[in-house]
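>>> pasting the structure only:
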C-alpha cells in the first residue's frame, strides 16, 4: 500500500491519471531517478490601493432597510458610504471619551 500524497503539497498528478481503472492502479510504477517535485508557487498578491495601506477591514451586518437608508444619505450628500461609516465610528469614539482616529 502506497502513501497518499499530502493535500498541502503541489499538485503532481494530472486529472487523467486519477481516473485510471482499478486494475492498473495497484501495479508498481517505476519513477524516473531524476524526478523532482515541482516547486510550490507563492500565493498571488494583488496590488492594494494606497488609501488602504495599513488599514483593516470591519464588517457589519445590517437590515436591508438600514442599507438602503445609508445609500440614500450617501447619494443625497454626494459622499461615499465609507465616509458615513467612519463618521459614525468616530462618533462612538467621541461619545466614550476617546480620540476620533478612524
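Cool, got the structure. Keep in mind the model is a prediction, meaning the values are calculated, not measured.

>>> drop to CA atoms for contacts and neighbour counts, all remaining ones
Fine.

>>> wait, doesn't residue 93 sit right on residue 99?
Yes: taking C-alpha atoms under 8 Å as the definition, residue 93 is a contact partner of residue 99 at 6.3 Å.

>>> Same drill for these two, tell me which one is more crowded.
residue 93 (15 against 12; other C-alpha atoms under 10 Å).

>>> Counting residues, which helix of this structure comes out longest?
The single longest helix within the chain, with elements called by DSSP state H, is helix 81-95.

>>> tell me the SS of residue 71?
helix (DSSP: H, G, I helix; E, B strand; the rest coil).

>>> contacting residues around it?
Shown in contact with residue 71 (C-alpha atoms under 8 Å, 6 or more residues apart in numbering): residue 81.

>>> now residue 78
Residues counted as contacts of residue 78 (C-alpha under 8 Å, 6+ apart): none.

>>> And it, what's its pLDDT?
Turning to residue 78, the model gives it a pLDDT of 97.

>>> Could you measure from it over to residue 86?
Between residue 78 and residue 86 the distance is 15 Å, computed by C-alpha to C-alpha, to the nearest Å.

>>> What is the burial count for residue 81?
Considering only other C-alpha under 10 Å, residue 81 is surrounded by 16 other residues.

>>> How about residue 86?
Using other C-alpha under 10 Å, the number of residues around residue 86 comes to 14.

>>> for the one 4 residues further on, same thing?
Residue 90 has 17 neighbouring residues, counting by other C-alpha under 10 Å.

>>> hey, where'd the helices end up in this structure?
If DSSP H is used as the criterion, the helices of the chain fall at 15-18, 22-25, 64-76, 81-95.

>>> Nearest to residue 40 among those helices would be which one?
helix 15-18 (18.3 Å; C-alpha to C-alpha).

>>> which intervals of the protein have sub-threshold pLDDT?
10-35 (pLDDT under 70).

>>> one step back: and the helices of the chain as CSV, adding distance to residue 9?
CSV is the format used below for the helices of the chain (distance: least, C-alpha to C-alpha, whole Å):
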stretch, distance to residue 9
helix 15-18, 16
helix 22-25, 21
helix 64-76, 43
helix 81-95, 40
